[in-house]
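Trainee: Build the 3D model from these lines:
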Amino acid sequence: MNLKEIREMIGSIIDYDPEIPSYKNEVHKIVNQCYLEFFCEHPWKFNQKSVDIYTKPDVTDTATITISAQDQNYPDGTIELDTNTITRQDDRGGQIRREGDVLKLTGSAESENNGLYIIDKVDATNHTTVQVSKYAQQNRVKWQGSVGAEDVNVSIQQRYLTLPEDCIAILSVGIRNLAEAGVGTNAIGHAYPLVRRDEEELNLRDDITGTPFAWIPYDQPPDTVSRHVRDYIPRAGKDFNVTTDSASGGWYAGTYEFAIAYELHGQVGPMSDPIELTLTSNQRPSFSLIDTTKLGFFGLRKRFFFRIKSAVGKDGATFEEPYFRSLSDFIIYPAGPDFLNYMAEDTATTYLPNYQATNYVLDTLDGLLAVPRAKPTLDNRWRLKLHPRPTTQTPMRIRYQFYPGELLDDYDTPQSPVDTHRYLVYRSCQELFIKHKNPDMALYYEKKADDEMRKCEKRYLTERSQYYVKEGFRSGPTRFRPFRNLTKTVGADGS
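Mentor: Numbers count the residues shown, from 1 in each chain. I've put the predicted structure just below:
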C-alpha cells in the first residue's frame, strides 16, 4: 500500500474524511512515526544494505604556507600544495574527497606549525589551496615565524571512514571486492568489531598500516575535534535571503520555497526555515549570503534546496510537492575531470544558480523534476576506524541498517514488504483512538498490531544477521567468537 491507501484504510476504520487537510496532516504524522519506529526497531531482512566504501590512500606532497603579519584579523590557515593530484574530486566519480581527513605537517622552522591538522575545505577550482584547522580543538590556524612564504612537507591520511548518511547501525565490515582490493596488497577477509575501550586499552596506534582486521565504531568526530556541522544552522532572513533576478529564459514559472544548509567535512547539517518566492518568466532566484569566515567559521560550504509550492503540471493543472529537492546534489556537467554541483563557498555573499547549460535545464518542468529529493538529516553520522589503517584504495564492504526517510507523497510506499503494511495501519489506529479518547478501541487495535508484529518477527527475523548476546563479551580475531541462541517464548500473560 502507498501512503494514500494507508490513509484511506485508516479513515474507513476510524470513520473520518481522509481528504480534509487537517486530518491528512494528523494521519501522516502518526503513520510516519509508527513506520520509522517499526522499520528501525530490529535488524530486519529488508532494512539492510551492503555497500563498498573506498578507503583513501596515504599521500605526501610538498607545500607552501604563508606567514602573515601578526596584526592580521582573520588568518585563513591555508596551505598551497605543489600538485593537485591528491585532492582532485574526480576519483571514483567524486566519491574520494579529502575534507575531514588528517593533514600532518612537517619541516617548518617553527615547531608550533608542525603537527596534525584537519582539512576543512579543498578549493573546488584549483584543488591545491587547502584550508585547515588545528586537530586539537580545531582552533583557527595562524602560522608562526618570519613574515613570508615557507616550504613544508605534508602527509594526508584518512583516519576515520565515514559511512553513508542513512546508516543507523553497523552490522558487518570486511573486504569482499578482491578485484579492486588488489591481490597481495589487501587480503580478503572479515574485520571484527572492537569497542572504544578496547582500542584505548590495547593502545591501537594510528600510524600502524596494513590489512584491517578490526573496526571501532564512532558516532561523531573523535578525539578533541569539537566542531560539528549541526552547530551551524542558517536562519532565513538573518543568515540568508532570496530575491528575484532578471534573466533571459529564467527558471520554470511558479511559486517556490528556498532553503540552505551548511556542509562541513562532507557532512550536511540541518536545513534552514524556507523563504517563499514567486518566479515569473525571465526570472531566477538570487541568494544573499553571509561570509562565514568573517565570523571565524572556516570551511562551511553552502548547499541549496527548493520545493515546488505551486506550478503548472503537464496536464495543465496546478500541483504542489510536499518535499524539498536538493539542488546541490544535482550534478551539473563534467567540466574537465571534475563534477560540479550547485554549491557556494564559505566566503560567498551572493549566489545566482544558473538555469541553462548543455546537459541540464531548470527552465523546464522536466529539468526541475530531475533534481533529486533532499535526504533526511540524521543527527549523528556514523564513522568507523579501521585497524590497521589501509594505505591503499580499498573497497570495504559495509553492511548496515538504513534509515528509510518519511513517507511524504501520496504515492510513496514503505520500504518494507507489503504484508507489514497492516501493522502500520493498526498501530496508527491505536494512536489515533488514544488521541481521540477512545481507550477501548485503542486497546483492541493495540492487540491487532501486536499480532501483526509477531507475524513479522516470524517471517523476517528467522535468519540471524548478527550475533545476539545477552551479556558482556570481548571479541576479536584472536578471541572467542560469542554465540547465543535466543528462543522467543510466550509468557503466562500471553506476551
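
Trainee: Walking through the stretch 51-200 of the chain, point out its helices one by one.
Mentor: Secondary structure of the stretch 51-200 of the chain, counting by DSSP state H, counting those that start in this stretch: helices at 178-181, 196-201.

Trainee: Return the most buried member of these.
Mentor: Across these, averaging neighbours per residue (mean count of other CB atoms under 10 Å) puts helix 178-181 on top, at a mean of 15. In short, each C-beta sits where N, CA and C put it, glycine included.

Trainee: what does it rub up against?
Mentor: For helix 178-181, contacts defined as CB atoms under 8 Å, 6 or more residues apart in numbering pick out 52, 175, 188, 393, 394, 395.

Trainee: and residue 330, what does it touch?
Mentor: By CB under 8 Å, 6+ apart, the contact list for residue 330 reads 341, 342, 360, 370, 371, 372.

Trainee: sorry, back to before: and the contacts of helix 178-181, which two are the farthest apart?
Mentor: Using CB to CB, the contacts of helix 178-181 reach their maximum pairwise distance at 188 and 393, which is 15.5 Å.

Trainee: So those two - more neighbours on which side?
Mentor: Neighbours were counted for residue 188 and for residue 393 using other CB atoms under 10 Å; residue 393 has more, 17 against 13.

Trainee: Let me see the contact set for that one.
Mentor: Residue 393 makes contact with 54, 55, 56, 57, 96, 180, according to CB under 8 Å, 6+ apart.

Trainee: Where is pLDDT lowest across those residues?
Mentor: Lowest pLDDT within those is found at residue 96 (66).

Trainee: got any ranges where the stretch 351-495 of the chain has weak pLDDT?
Mentor: 356-360, 379, 462-495 (pLDDT under 70).

Trainee: Now for the residue nearest to residue 40 when sequence neighbours are not counted: which residues touch it?
Mentor: Among residues not flanking residue 40 along the chain, residue 168 sits closest, at 5.9 Å (CB to CB, 6 or more residues apart in numbering). Going by CB under 8 Å, 6+ apart, residue 168 touches 40, 378, 382, 400, 401, 402, 403.

Trainee: Include distance to residue 123 when you put those into CSV, please.
Mentor: Shown next, in CSV, are those (distance: CB to CB, whole Å):
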residue, distance to residue 123
40, 39
378, 28
382, 28
400, 32
401, 36
402, 33
403, 32
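
Trainee: Hmm, residue 446 is touching residue 430, no?
Mentor: Yes. Counting by CB atoms under 8 Å, residue 446 does reach residue 430; the two are 4.7 Å apart.

Trainee: ok, these two, which is more surrounded?
Mentor: Higher neighbour count among residue 446 and residue 430: residue 430, with 22 against 18, using other CB under 10 Å.

Trainee: and that one, helix, strand or coil?
Mentor: Assigned state for residue 430: helix (three-state reduction, DSSP: H, G, I helix; E, B strand; the rest coil).

Trainee: quick one: buried residues of the helix or strand containing residue 7?
Mentor: Secondary structure from DSSP states H and E places residue 7 in helix 3-14. Under the neighbour-count criterion of 16 or more other CB atoms under 10 Å, helix 3-14 has 3, 4, 6, 7, 8, 9, 10, 11, 13, 14 buried.

Trainee: Check what contacts the helix or strand following it and list those residues.
Mentor: Downstream of helix 3-14, the next assigned helix or strand under DSSP H and E is helix 21-41. With CB under 8 Å, 6+ apart as the test, helix 21-41 has contacts from 3, 6-7, 10-11, 16-18, 47, 168, 401, 403-404, 406-408, 414-416, 420, 423-424, 427-428, 431-432, 453.
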